[in-house]
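*Asks:* Could you work out the structure for the sequence below:
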Amino acid sequence: MRSAYRDEDRAATRRMIDDVRDLIPERGFHLALWGALLSTLFGLLAAEKFEFLFIGQIMREGLFVALMIGAVLGSFLFERYHADRPANAIALLLLKIWACVAIGLLVTGFLGGVTVLAKPGPHVGSMAAVIAIGFTLSSDIVGGRIIRILAVMWWAFAVLFFFLNDTAALFLAASVFFGALFLPGCSLFVSHYMQSRQLRQLH
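*Replies:* Predicted structure coming up:
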């Protein structure tokens, strides 16, 4: 009897995880949004380090404030007016995990950038560690080789940033946020959009 209950529990859990996997591509919007804004931010700061442009202290603070507000507002509006509701408790747990990741990025990214209390290497390394936590927990919950690979990559980047000088850290940050956050998020969301479009055409 207990074996039958365990089999039913496993089947129910698998169904819940399958439902969550259907929602993950839609949430690629958040990864693409945050990846685009952060890669833009660190790209501008890297350009300043290479003396391609000049960004004063006030403008730097304004960039951090504007881009962080833009990321938060964009994610909130997407969840509020566009995204499908969480299908089950596991989906809700994932959303809460990534909401905590967003808060962690705000604390480390916003305060670290505005106060300039940390050098670019430790600053971005802390942000990378926060993102790595999100991918690691997500891979433990829903599995998936790509998510595991991204988790390992972000942990490796988190360590690497602490050993780079300011210029190299900013340049790598722009590249990493674009290649390992924006591109995966964009790929997920585009696949969700194409699938939704095909379903609408069928109906």
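
*Asks:* if you skip the residues just before and after it, what's nearest to Leu183?
*Replies:* Of all residues not flanking Leu183 in the chain, Gly35 sits nearest, at 7.4 Å (CB to CB, 6 or more residues apart in numbering). For the C-beta atoms, the positions are set from N, CA and C on the backbone; glycine is no exception.

*Asks:* In contact with that neighbour, which residues are there?
*Replies:* Residues in contact with Gly35 (CB atoms under 8 Å, 6 or more residues apart in numbering) are 177-178, 180-186.

*Asks:* now the residue nearest the centre of the chain: how far from Val124?
*Replies:* With distances taken as CA atoms, centre = their mean, the residue of the chain nearest its centroid is Leu31 (4.2 Å). Per CB to CB, to the nearest Å, Leu31 is found 17 Å from Val124.

*Asks:* What residues of the host helix or strand of the residue nearest to Leu183 count as buried?
*Replies:* Per DSSP states H and E: Gly35 is located in helix 28-49. Residues 28-49 are the ones in helix 28-49 that count as buried (16 or more other CB atoms under 10 Å).

*Asks:* Can you name the next helix or strand after that helix?
*Replies:* Downstream of helix 28-49, the first helix or strand assigned by DSSP H and E is helix 57-81.

*Asks:* helices or strands next to that following helix in the packing?
*Replies:* helix 28-49, helix 89-105, helix 112-115 (3 or more CB pairs under 8 Å, 6 or more residues apart in numbering; DSSP states H and E).

*Asks:* I'd like to know which of those helices lies nearest to Ile141.
*Replies:* The closest of these to Ile141 is helix 89-105. By CB to CB, the value is 6.3 Å.

*Asks:* Just the CA trace of the closest one, in PDB.
*Replies:* Written as PDB, here are the backbone C-alpha positions of helix 89-105 (Å, rounded to 0.1, in the frame of the first residue of the first chain):
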ATOM      1  CA  ALA A  89       3.200  25.100  -5.800                       C
ATOM      2  CA  ILE A  90       6.500  24.200  -7.500                       C
ATOM      3  CA  ALA A  91       6.000  27.000 -10.100                       C
ATOM      4  CA  LEU A  92       5.300  29.500  -7.300                       C
ATOM      5  CA  LEU A  93       8.400  28.400  -5.400                       C
ATOM      6  CA  LEU A  94      10.500  29.000  -8.500                       C
ATOM      7  CA  LEU A  95       9.000  32.500  -8.900                       C
ATOM      8  CA  LYS A  96       9.900  33.200  -5.300                       C
ATOM      9  CA  ILE A  97      13.400  32.000  -5.800                       C
ATOM     10  CA  TRP A  98      14.000  34.300  -8.700                       C
ATOM     11  CA  ALA A  99      12.300  37.100  -7.000                       C
ATOM     12  CA  CYS A 100      14.900  36.700  -4.200                       C
ATOM     13  CA  VAL A 101      17.600  36.600  -6.900                       C
ATOM     14  CA  ALA A 102      16.200  39.900  -8.300                       C
ATOM     15  CA  ILE A 103      16.300  41.400  -4.800                       C
ATOM     16  CA  GLY A 104      19.900  40.200  -4.300                       C
ATOM     17  CA  LEU A 105      20.900  41.800  -7.600                       C
END
